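[1] Take a look and give me a structure for this.
(chains A and B)
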Number of protein chains: 2
Amino acid sequence: MMTISSAISKSLLADHSQFIGIDLGGTQLRAACLDKDGTILGQKRLPTDTENGPDGVLAQISALIAEVRTNDCRGIGIGIPGTFSALNGTVLNIPALDGWKNYPLAQHLQKEIVLPVWLENDAKVAAIGEGKIGAARDCRNFVYATISTGIGGGVFVDGNLLRGAQGLAGEIGHTRIADASAVCSCGKTGCWESVASGTALAKKMTAAIAANPNGILASLVSDRPPSGRDLPAAIAMGDEDAIRILAEEAFFLGAGFVNLQHFYAPERIVMGGGVSALLPLLHDDIKAVMKDRLLPGFNLAEVVRATLEDAAGVVGAAFFARAMAEAGQLSHGR
Amino acid sequence: MMTISSAISKSLLADHSQFIGIDLGGTQLRAACLDKDGTILGQKRLPTDTENGPDGVLAQISALIAEVRTNDCRGIGIGIPGTFSALNGTVLNIPALDGWKNYPLAQHLQKEIVLPVWLENDAKVAAIGEGKIGAARDCRNFVYATISTGIGGGVFVDGNLLRGAQGLAGEIGHTRIADASAVCSCGKTGCWESVASGTALAKKMTAAIAANPNGILASLVSDRPPSGRDLPAAIAMGDEDAIRILAEEAFFLGAGFVNLQHFYAPERIVMGGGVSALLPLLHDDIKAVMKDRLLPGFNLAEVVRATLEDAAGVVGAAFFARAMAEAGQLSHGR
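    Below you'll find the predicted structure:
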C-alpha cells in the first residue's frame, strides 16, 4: 500500500527529477542526464580507459557524472557489458575489458558521488531505452535484438522486462539453431550468434574473398578486413558471393526471429547493432522466412530498426535508474 | 488502490471459496473442485465425446461441473489444447478435436452454469499447477516442458506466467534447433519437437526395427507400434539401437533445455509428458550436455519430473480461475 510520504516522493521523482545513464562500452564511455520525458539535458563521452583497469574507468565515470549532473539528479544507472551481482553491485566479469573481475563498481561509485547507483545488463538497458522513447515505444511485447559482433537482447513480455535467475534471461545469441557452424564466441557450434552475427558475416566474406581473390568483393574490400558494410555495394555490382551471403543472413535472421516469436510472442522485433544497417536489403527476405516457419495462430511480428542508435544505452540506463528509484528499490551500491 | 469492498471480497475469495478446473483433453475430459490450498474436494472424468462436436463436449463439461460443484464455488478455469481468444472466450481451433473452429465455449458455458469462466492454454495451466503445489512450488523462475506426442510449455519468469502477444509465449516445441529432421507436426523441419518429442523417439525406433527386424528392440515390440516406454527394457538387454536412440534423446533434450536457460533463465526445468518417465535414464546425460553448452555465469538449472501427473491440468486451471477472480479480471464468457 502506498503511504502518503512515498506518494509525495514518487510524484516529486516523476515531475522534477533527473537521472544519469552511463553506457560502459569496450571502446566508448558515455554519460547523459535525462528528465522524466527522456529529454537529454547534458551528455558527454570519452574513449574508455583500457590501460588502468577498473579504477581508471571509475575515475572517468566520476568525471563524466560531474560534467552532466544537474541539481535535481536522483540516481545513476549503468549498463554493463558483462555479468554483475545486483545484490551488492559488484561487476563479476567484463569480457571486453581487462581486470574487471569481482570489482565493486556500484559501491565505489556511490561513495564518491553520494547518489544511488544501479547496474543492469547493457542489452537490457538498450531495450528499456527503445521501449520508452525508441522503436518499441508503447509496445508491451517486444524483443530488442542487437546483431553486432555478437548477438544480445532485452525482452519485454506483458510489459515486463524479463530478468530471470541471476538476471540472465534474454541470452538470445547462444541458442542452438543449426547443427554446425564456425566456432561461436562461447566455444560451441550451432549458436544463433555463430551463424547470424556481424562476425559470422565477416567470416563468410573472408572465405569468399580467399576463394575468389579477383572477384568484385575482393576488389571492393582490398586489403582491409571485410564487413557487412561492404555488402550493399558488392550486391549492387552483381557479386554472387555477396548475394548468397546476404540470402543466408536473411534465412538465419528470419529463423532466429521465429524462435523469438515462439518463445516470447513479441509484437515487434527491434533490430540494433551494426548488421541492422542492412535491414532495408534484408527485410523482405527475413519476413518471407518468418512467414514460412511461423506457427498458425501467430501474427507475424514487425521487424524494425532501433531508432536511438548509440544513445540507447545512456537513455535506457537513465530510465532504468528512474524506475528503480520510483519502485523504492535499494541501490546496488549500498 | 484497493477499496474496502474489494479488500473484503478478496479475503472472502482467499479463505472460503472454491474453484473448478477443467482439463479438456483429446481423449479425457476431467473436472476437479479445489479449495485455496489446492486440496481437491471432488473430481470426475469422462472419455471426451469426439462424435458430437463442441456441443457434445459442452454438455459433458456442464454435467461434470454439476457433479463436483460446491456451494462456495466462484468460477471455472478451462485448459484448452489449442488457440482461443481471451477477449470473448471463443475457442479458435483445437487440432486434436473435430469441429472446434470459432466455438464460443466460455459464453455458452457461462450461460448454463451462471459462474464466471476463464480460458487458458493447457500447457500454461499445467505450469500454474506445478508452480502452485507441484514440482516448481515456490520457484519464481521455471519452465514446465511437456515432452509428449508434441512439445509444449508454460514459462514463469520473475514470478509471472509469460503470455505475450495473443497469449502465445512459450511455444517452445517449434524453435529451430537443428538443420534437418523428420517433418514436424507444424510442417517444417529442424524444430525441437521434431527431434526430441515422443513422436520423434517412436519414429527412430520404427526405423531401427525396420533396419534390424531380428534385433532385441523388434522382438520386444513385436507387432505393435514402438514407444519410448520400450527403451528401458531394450537398454537393459544391451540393444545398441536403443542405447543410441536414448543418447540422441539426451543430447536434444539437453541442448533444448540450454536454449530454455538462455532465453528464460529458469532455476528449474519441470519435465512432464510421457517421455518424462525416461528421466531417470536420461538425467545424467542431459545434465552433461547442458553443462557443456551453458554460457559461463549461468548456474545449471535443475531438471526434475513433474509431480502432479494427470492432475496438473485440473489443479492449474482451478488456481488460474482463482487468480483471475482475485485480480478482478472480467470473465471470458461475458
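[2] Going by C-alpha atoms from here, please, whenever you check contacts or count neighbours.
    Noted.
[3] what pLDDT does A:Thr189 get?
    As predicted, A:Thr189 sits at a pLDDT of 88.
[4] Please apply the same query to A:Asn52.
    95.
[5] need the contact list for it.
    Counting by Cα atoms under 8 Å, 6 or more residues apart in numbering or on different chains, A:Asn52 makes contact with nothing.
[6] quick one: the strands in the stretch 151-300 of chain A?
    Remark: strands assigned in the stretch 151-300 of chain A by DSSP state E, counting those that start in this stretch are A:151-157, A:160-161, A:268-272.
[7] what does the stretch 101-250 of chain A put close to chain B?
    Counting by Cα under 8 Å from any Cα of the partner chain, the stretch 101-250 of chain A comes close to chain B at A:141, A:157-158, A:162-172, A:174-179, A:186, A:188.
[8] Kindly give a single PyMOL line that selects the buried subset of the residues you listed.
    Remark: buried members of these, expressed as a PyMOL selection using 16 or more other Cα atoms under 10 Å in any protein chain shown:
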select buried, chain A and resi 141+157+158+162+163+164+165+166+167+168+169+170+171+172+174+175+176+177+178+188
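[9] If I take the longest helix seen in chain A and strand B:151-157, what angle do their directions form?
    Ranked by number of residues, the top helix in chain A under DSSP state H is helix A:240-264. When axes from the mean of the first three to the mean of the last three Cα atoms, to 10 degrees is applied, the directions of helix A:240-264 and strand B:151-157 differ by 70 degrees.
[10] Output the contacting helices and strands for helix A:240-264.
    Contact partners of helix A:240-264 among helices and strands, from 3 or more Cα pairs under 8 Å, 6 or more residues apart in numbering or on different chains; DSSP states H and E: helix A:192-196, helix A:198-211, helix A:231-236, helix A:279-293.
[11] Tell me which of the ones you listed is the most buried.
    helix A:192-196 (a mean of 28; mean count of other Cα atoms under 10 Å in any protein chain shown).
[12] Which elements pack onto it?
    Against helix A:192-196 (3+ Cα pairs under 8 Å, 6+ apart) you get helix A:198-211, helix A:240-264.
[13] Indicate which one of the ones you listed is closest to B:Gly131.
    Each of these has some distance to B:Gly131 by Cα to Cα; the shortest is helix A:240-264, at 19.1 Å.
[14] How about A:Thr90: what's its closest non-neighbour residue?
    A:Pro104 (4.0 Å; Cα to Cα, 6 or more residues apart in numbering or on different chains).
[15] and the one you found, how far is that from B:Pro104?
    57 Å (Cα to Cα, to the nearest Å).
[16] ok, then the element right after the worst-scoring helix or strand of chain A on mean pLDDT?
    Ranked by mean pLDDT, DSSP states H and E, the weakest helix or strand in chain A is helix A:4-16, scoring a mean of 56. Following helix A:4-16 in sequence order, the next helix or strand is strand A:18-24 (DSSP states H and E).
[17] Tell me which residues of the helix or strand following that next one come out buried.
    Per DSSP H and E, the first helix or strand lying C-terminal to strand A:18-24 is strand A:28-34. Across strand A:28-34, burial judged by 16+ other Cα under 10 Å covers A:29-34.
[18] Over to stretch A:222-241?
    Buried, per 16+ other Cα under 10 Å, within stretch A:222-241: A:226-228, A:231-232, A:234-235, A:239, A:241.
[19] now do stretch A:318-334
    A:318-322, A:324-326, A:331-333.
[20] Closest approach to chain B from the stretch 1-150 of chain A, which residue is it?
    A:Asn141 (5.9 Å; Cα to the nearest Cα).
[21] if I read this right, that residue contacts A:Leu161, doesn't it?
    No - between A:Asn141 and A:Leu161 there is no contact under Cα atoms under 8 Å: 9.4 Å.
[22] what does the domain assignment say about chain A?
    A:4-127+A:311-326, A:135-306 (automatic domain parsing).
[23] end-to-end on the longest one?
    Its start and end residues considered, domain A:135-306 measures 5 Å (Cα to Cα).
[24] just to revisit the earlier point, quick one: which of the buried residues of stretch A:222-241 is nearest B:Pro116?
    A:Gly228 (55.7 Å).
[25] if I look at A:Leu217, how far off is chain B?
    28 Å (Cα to the nearest Cα, to the nearest Å).
[26] I misspoke; the intended subject was A:Ala323.
    Counting by Cα to the nearest Cα, the gap from A:Ala323 to chain B is 16 Å.
[27] quick one: secondary structure of that residue?
    Here A:Ala323 is helix, with the state taken from DSSP: H, G, I helix; E, B strand; the rest coil.
[28] what's the neighbour count on A:Gly297?
    When neighbours are counted by other Cα atoms under 10 Å in any protein chain shown, A:Gly297 registers 13.
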